[in-house]
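Engineer: Predicted structure and sequence below. I'll ask about it afterward.
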Amino acid sequence: MEQAASSLISIISFMKNYLVLPIVIASFLLSCCNTYRAKEHEFPKPVDTTTKPIQLQEKKVYRTEQGVHADNMFDGARLNGFIHVKQDLFQATISPENTPINKSPYYAFRLWATEPTQIKLELNYTEHSHRYPPKMSTDGINWEQFDSKFVKRTSDSINVIIAIDLTTDTIYIAGQEVQNSSHVKAWCKDKARHEDVYFSTIGHSKLGRKLWLLDMYSGDKQKKDIIIIMCRQHPPEVTGYLAMQAFIDEVISSSPLAEGFRDKYRILVFPLMNPDGVDLGHWRHNAGGIDPNRDWAYYHQPENRQIADFIVRTTKKNKSKVIFGLDFHSTYHDVYYTNNETPAHIQGFKEYWLSEVGRILGEESNEKPSNVGAPVSKGWIYRQFGALGITYEIGDSTPRDFIKEKGQVSAIEMMKLLVLRK
Ligand SMILES: [Zn+2]
C-alpha cells in the first residue's frame with residue numbers, strides 16, 4: 001500500500017515536473033502571444049494583399065555612342081532603360097514594379113556626358129502617364145525643380161521631354177527629392193541625440209531592411225497615452241515625409257510646450273514603413289508587390305505585421321492607450337482624410353486642431369471624411385484602438401518652405417490642445 005502511494009506520488013511529481021509545468025508555461029506564452037498581437041479586422045471593402053511578384057529593375061550604367069550616359073546605381077533610383085533616339089533626343093524608360101498600380105510614376109537616375117552638350121530627354125512611362133515635375137541636383141542633397149519652359153508634354157500628353165544642358169559632371173534627375181533609407185537613418189540618428197528620443201529597430205522588411213522606430217517621451221513611459229506617427233508607406237511620397245520631419249522637430253524642441261507634451265505623452269514614430277519600396281525606387285508597393293496601406297486587416301506583409309504587433313505589444317506592456325494616429329502621405333494637393341466614426345478619446349480635438357492650423361496658415365482646411373472602408377492605416381487606428389486616425393496628405397508640388405511651416409504649426413497646435421487635456 002505504502003509502495004503504491006509512493007509510486008503515485010512519483011507519478012504526480014513526474015507529471016508536475018515534466019508535463020504540467022510545460023503545459024502551464026506553454027499556455028501562458030500562448031495567451032501572451034495572443035494578447036500581444038494586433039487583431040485581425042474585417043473591413044467593409046477588403047483588399048487581397050497576399051504577396052505578388054515584382055519586376056526588379058536591372059541596376060546598370062547605360063552608355064550611348066553619343067557620349068551621353070545614365071545610371072541607376074544608387075538606392076532610391078528608378079530607371080528601366082536609356083537609349084539614343086535621334087539627333088539630340090534621348091529616352092529614359094520608367095516602368096512600375098508591378099501592375100495594376102495607381103498613377104505615381106516615380107523616377108530617379110544620374111546623367112552625364114563625355115563633353116558638354118545640350119540634349120532633349122523624353123521620360124517614357126510605357127502605358128502610364130507623367131505626374132511628378134522633374135527636379136535636378138548636382139549633389140543628391142539640394143534639389144531644384146526644372147523651370148517649366150524646359151519641360152514640354154509630348155503630343156499625346158502622356159510623357160514629357162526635358163531640355164537639359166549636360167556637362168561632364170554627373171547630375172541627378174528625379175520626380176521628387178531622393179530620400180532613401182540612408183538619408184532617413186541619418187535623420188533618425190540626428191534626432192536621437194536628444195535625451196528624450198530613443199532610436200531602435202523593431203523588425204525587418206521582406207528583404208531584410210530595418211524597420212525603425214523613434215520613441216519619444218520624458219520620465220516614466222508607463223501609462224502614458226500614445227500618439228502614433230507613420231510615414232513612407234508609399235515610396236515617392238516625399239512631401240509627406242518633409243512635413244513629418246518638421247512636425248517631429250517641433251515635438252522634440254526645447255519649448256516649454258514641447259517639454260510639457262513629452263512629459264505627458266509618448267510618441268511612436270515609424271519614419272520609413274516601406275524601406276524596400278523606397279530603396280528599390282518603387283512607385284507604390286513593397287517588395288511583396290503590395291500597397292502596404294491596404295494591408296491593415298490581415299497583415300499579410302511582414303512590415304505591417306511587425307509594426308502593428310509592436311504597437312499593440314507596447315501599448316499593453318505599458319498599460320497605455322493609443323489616442324491618435326497620424327499617417328503622412330502625398331497626393332495632388334493638401335488634404336486630410338479622416339474617419340466619420342467618433343473616436344473613443346480626444347473627441348472634438350480634430351475639429352479644433354484642423355481649423356486652428358488652417359486659420360494660422362491662412363488656408364482652407366481641406367478635410368475629407370469617410371466611413372472606415374478599405375484597410376488603410378487611419379481605419380486600422382480606429383478599429384484596433386478606437387482612436388482618431390488621420391491620413392495627412394501634402395501636395396506633390398506644395399512649396400517646400402510652406403510644407404515646413406505647416407508641419408511646425410500642426411505640431412504646435414496639436415501639443416497646445418493635448419497638453420491641456422486632463
Ligand atoms: Zn500615400
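Structural biologist: Received the coordinates, thanks.
Engineer: Every contact and neighbour count from this point should use C-alpha atoms.
Structural biologist: Will do.
Engineer: Enumerate the residues of this protein near the ion.
Structural biologist: 234, 329 (CA under 5 Å from the ion).
Engineer: can you point me to the longest strand in the chain?
Structural biologist: strand 322-331 (DSSP state E).
Engineer: helices and strands around the helix or strand that comes right after that strand, which ones?
Structural biologist: Counting by DSSP states H and E, the element after strand 322-331 in chain order, helix or strand, is strand 335-339. Under the contact definition 3 or more CA pairs under 8 Å, 6 or more residues apart in numbering; DSSP states H and E, strand 335-339 sits against strand 367-370, helix 377-385, strand 388-395.
Engineer: what pairs with strand 335-339, and is each one parallel or antiparallel?
Structural biologist: strand 367-370 (parallel), strand 388-395 (antiparallel) (DSSP bridges).
Engineer: what's the following helix or strand after that strand?
Structural biologist: Using DSSP H and E, the helix or strand that follows strand 335-339 towards the C-terminus is helix 349-361.
Engineer: For residue 246, give me phi and psi.
Structural biologist: With angles defined as degrees, to the nearest 10, residue 246 sits at phi -60, psi -40.
Engineer: what about the protein, any weak spots by pLDDT?
Structural biologist: Scanning the chain for pLDDT under 70 picks out 1-35.
Engineer: go with 50
Structural biologist: 1, 31-33 (pLDDT under 50).
Engineer: Could you look over the strands paired with strand 335-339 and pick the most buried one?
Structural biologist: strand 388-395 (a mean of 24; mean count of other CA atoms under 10 Å).
Engineer: Looks like residue 152 contacts residue 146 (just checking).
Structural biologist: No - if you go by CA atoms under 8 Å, residue 152 and residue 146 don't touch, sitting 10.9 Å apart.
Engineer: Can you name the residue of the stretch 251-400 of the chain nearest the ion?
Structural biologist: residue 329 (4.4 Å; CA to the ion).
Engineer: Tell me how far that residue lies from residue 255.
Structural biologist: 27 Å (CA to CA, to the nearest Å).
Engineer: Residue 403 too?
Structural biologist: 21 Å.
Engineer: higher neighbour count, those two?
Structural biologist: Legend: neighbour count by other CA atoms under 10 Å for residue 403 and residue 255, higher for residue 403 (24 against 12).
Engineer: Excluding covalently adjacent residues, which one is nearest to that one?
Structural biologist: Leaving aside its chain neighbours, residue 403 sits nearest to residue 243 (5.4 Å; criterion: CA to CA, 6 or more residues apart in numbering).
Engineer: what helix or strand is the closest residue to the ion within the stretch 1-150 of the chain on?
Structural biologist: Using CA to the ion, the single residue of the stretch 1-150 of the chain nearest to the ion is residue 104, 9.8 Å away. Assigned by DSSP H and E, residue 104 belongs to neither a helix nor a strand.
Engineer: residues contacting the residue nearest to residue 403?
Structural biologist: 328, 394, 403-404, 406-407 (CA atoms under 8 Å, 6 or more residues apart in numbering).
Engineer: got it, and residue 41?
Structural biologist: Counted by CA under 8 Å, 6+ apart, residue 41 has contacts 296-298, 383.
Engineer: What's the local residue count around the nearest residue to residue 273 once chain neighbours are set aside?
Structural biologist: Leaving aside its sequence neighbours, residue 273 sits nearest to residue 233 (CA to CA, 6+ apart; 5.1 Å). For residue 233, the tally of surrounding residues (other CA under 10 Å) stands at 27.
Engineer: Looks like residue 233 contacts residue 293 (just checking).
Structural biologist: Yes - here residue 233 reaches residue 293: they are 6.5 Å apart, a contact under CA under 8 Å.
Engineer: Pretty sure residue 351 is one of the things residue 365 touches, is it not?
Structural biologist: No - taking contacts as CA under 8 Å, residue 365 lies outside contact range of residue 351: 9.9 Å.
Engineer: With neighbour numbers in mind, choose between these two.
Structural biologist: Neighbour tally, residue 365 and residue 351, criterion other CA under 10 Å: the higher count belongs to residue 365, 18 against 11.
Engineer: my guess is residue 55 contacts residue 97, does it?
Structural biologist: Yes - with contact defined as CA under 8 Å, residue 55 and residue 97 form a contacting pair (5.0 Å).
Engineer: Those two: who's more crowded?
Structural biologist: residue 97 (24 against 13).
Engineer: which of the residues in the helix or strand hosting residue 163 are buried?
Structural biologist: Using DSSP H and E, residue 163 sits in strand 160-166. Counting neighbours by 16 or more other CA atoms under 10 Å, one finds that the buried residues in strand 160-166 are 160-164, 166.
Engineer: same for that strand, what does it pack against?
Structural biologist: Contacts defined by 3+ CA pairs under 8 Å, 6+ apart place strand 160-166 against strand 108-113, strand 117-124, strand 151-153.
Engineer: Tell me the bridge partners for the residue of the stretch 251-400 of the chain closest to the ion.
Structural biologist: When assigned by DSSP bridges, residue 329 has beta-bridge partners residue 393.
Engineer: Please apply the same query to residue 81.
Structural biologist: Going by DSSP bridges, residue 81 forms beta bridges with residue 93.
Engineer: so what's residue 197 closest to, chain neighbours aside?
Structural biologist: residue 216 (4.6 Å).
Engineer: Quick check: the one you found touching residue 268?
Structural biologist: Yes - with contacts counted by CA under 8 Å, residue 216 reaches residue 268, the gap being 6.5 Å.
Engineer: Between those two, which has more neighbouring residues?
Structural biologist: Legend: neighbour count by other CA under 10 Å for residue 216 and residue 268, higher for residue 216 (26 against 22).
Engineer: Now for that one: which residues touch it?
Structural biologist: 196-198, 252, 262, 266-269.
Engineer: Kindly give a single ChimeraX line that selects the buried subset of these.
Structural biologist: Selection of buried members from the contacts of residue 216 for ChimeraX, criterion 16+ other CA under 10 Å:
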select :196,197,198,252,262,266,267,268,269
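Engineer: one step back: for the longest strand of the chain, give me every contacting residue.
Structural biologist: 225-234, 237-241, 243-244, 315, 344-346, 377-378, 381, 385-396.
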